[in-house]
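Novice: Let me see the structure of the following:
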Amino acid sequence: MDCLPGVENLGPNSTKDSLLTDVEGILYPKETTRYWEEIQNFKARPDDLLICSYPKAGSTWMQEIVDMIQHGGDPEKCARAPIYQRIPFIGFSLPFSIPTSIEKIEAIPSPRTLKTHFPVQHLPPSFWEQNCKIIYVARNAKDNMVSYFYFHNMINIIPDSGSWDEFMENFIAGKVCWGSWFDYVQGWWKAKDHHPILYLFYEDIKEDPAREIQKIAQFLEIDLSASVLNRIVLHTKFENMKTNPLVNHSDLPFLFDQTTPPFMRKGKVGDWKEHFTVAQSERLDNICAQLFAGSGLTFRTQL
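Specialist: Below is the predicted model:
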C-alpha cells in the first residue's frame with residue numbers, strides 16, 4: 001500500500017512486525033489504513049447511532065445492551081446474527097474482505113447502529129456533520145490496560161503484548177493499536193460539550209446496570225417497562241455474555257486464538273490489582289491526576 005499523507009508504514013524490522021501502520025502518530029491495524037480514504041469519506045446518515053470506546057473498554061457489552069433496548073428486550077431478536085453483523089465495526093475490515101465493511105454498512109437500511117474505536121480526530125467527518133447520536137463508554141486506565149494486554153495475545157492482526165512491563169510502557173506512551181488511552185478518553189470527554197454524546201463509564205454500568213441502561217434508553221428516546229429492563233439486565237450480565245457465542249467471538253477462530261484467555265475474560269472492576277505493582281499503580285495515578293486536572297474527568301478503579 002502506498003503511504004497516505006501523514007501515514008508511515010512500519011518497516012519489516014520494526015518492533016510492530018509490520019502489523020500496524022502509523023497515521024498522524026496513531027497506530028492502526030493495516031486493514032484499517034488499507035481503506036483509509038474510503039472510511040474517511042463514509043457518508044453517515046442523521047439517524048445513525050454510533051457506539052464508541054477505546055478497545056477493551058466495554059463496546060461489545062454496549063452493543064448488546066443497545067440491541068436489546070432497540071428490540072424490546074427480546075433475546076430471540078438479538079439472536080438473529082453475531083453482534084459484529086448486527087452492529088458492524090466502522091474502521092475495520094477482515095483481511096481482504098469482499099465486499100469491504102464500508103460497502104456492507106452502506107447497504108444497511110436506516111436506522112443503522114454502528115461501532116468504532118476511532119479517536120475524535122479520525123472519526124469520519126460526516127458523523128459530526130450529520131449530528132449523529134453517539135454513546136461513548138470509558139473504562140479506567142488500569143483495568144483497560146490489563147484487558148488490552150491479554151487481547152494483544154489473542155488477536156492475530158496486532159502484535160503480541162510482550163512482557164507486562166513492556167506493554168505498560170507502550171500503553172503509557174500511546175504506542176499501542178488505536179493510540180493513547182489518555183488522549184482518547186479526554187478527546188471524547190471534550191466532544192460531549194458540542195455534540196449529542198452520552199458519555200458512560202464501565203464502572204457505573206457494573207455498579208448499577210439498571211440505572212445506566214435507563215440512561216441509554218432515555219438518550220435513545222425509548223421507554224422501557226420494568227419487566228423489559230430486568231430482561232435486558234439479566235441478558236447482558238457478564239456471565240451470560242461470556243457464554244453467548246453471538247457476542248463472545250468464539251465463531252472467529254481465524255481471528256482470535258481460542259487457546260489464550262477468551263475475548264471476554266473477567267469483566268471485573270479492580271482486576272488490575274493482580275497485575276500492577278504498588279509503584280506502577282502510583283505512577284499511573286499520578287499521570288492521570290496531572291493530565292486530567294481541571295477537566296472534571298475522573299475514573300474509579302474499584303467498587
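
Novice: looking at this, H195 is in a helix?
Specialist: No: the assignment for H195 (DSSP: H, G, I helix; E, B strand; the rest coil) gives coil, which keeps it out of a helix.

Novice: That one: how many residues sit nearby?
Specialist: 14 (other CB atoms under 10 Å). To be clear about C-beta, it is placed using only N, CA and C from the backbone, and glycine gets the same treatment.

Novice: which SSE is E212 in?
Specialist: Per DSSP states H and E, E212 falls inside helix 209-219.

Novice: same question but for T60, I mixed them up
Specialist: With DSSP H and E as criterion, T60 is part of helix 59-70.

Novice: Residues contacting that helix, please?
Specialist: Residues from elsewhere that reach helix 59-70 (CB atoms under 8 Å, 6 or more residues apart in numbering): 49, 51-53, 74-75, 78, 83, 86-87, 113, 115, 117, 135, 137, 200, 205, 213, 216-217, 220, 222, 224, 231-232, 235-236, 238, 241, 244, 247, 263-264, 267.

Novice: and with 6 Å instead?
Specialist: Applying CB atoms under 6 Å, 6 or more residues apart in numbering, the contact partners of helix 59-70 are 51, 53, 78, 83, 86-87, 115, 137, 217, 222, 232, 235-236, 247.

Novice: re the thing from before, any idea which helix or strand comes after the helix holding E212?
Specialist: helix 226-235.

Novice: Go through the helix or strand just after that next one and flag the buried ones.
Specialist: Helices and strands here follow DSSP H and E; after helix 226-235, the next one along the chain is helix 238-242. By neighbour count on 16 or more other CB atoms under 10 Å, the buried set for helix 238-242 is 241-242.

Novice: Show me what the mean pLDDT comes to for helix 238-242.
Specialist: Average pLDDT, helix 238-242: 77.

Novice: in the stretch 51-200 of the chain, what spans have low per-residue confidence?
Specialist: 93-99, 154-159 (pLDDT under 70).

Novice: residue ranges for the strands of it, please.
Specialist: 113-116, 133-138, 197-201 (DSSP state E, counting those that start in this stretch).

Novice: circling back to that earlier point, okay, buried residues for the helix holding E212 please.
Specialist: Buried residues in helix 209-219 (16+ other CB under 10 Å): 209, 212-214, 216-217, 219.

Novice: sorry, back to before: closest to H275 out of the contacts of helix 59-70?
Specialist: S53 (20.7 Å; CB to CB).

Novice: tally of neighbours for the closest one?
Specialist: S53: 27 neighbours (other CB under 10 Å).

Novice: who's in contact with it?
Specialist: Neighbours of S53 in contact, by CB under 6 Å, 6+ apart: 59, 137.

Novice: Quick check: closest non-adjacent residue to Y28.
Specialist: T21 (5.7 Å; CB to CB, 6 or more residues apart in numbering).

Novice: who's the one you found bridged to?
Specialist: Beta-bridge pairing for T21 (DSSP bridges): N9, Y28.

Novice: returning to that earlier point: considering the contacts of helix 59-70, which possesses the most neighbours?
Specialist: I232 (29 neighbours).
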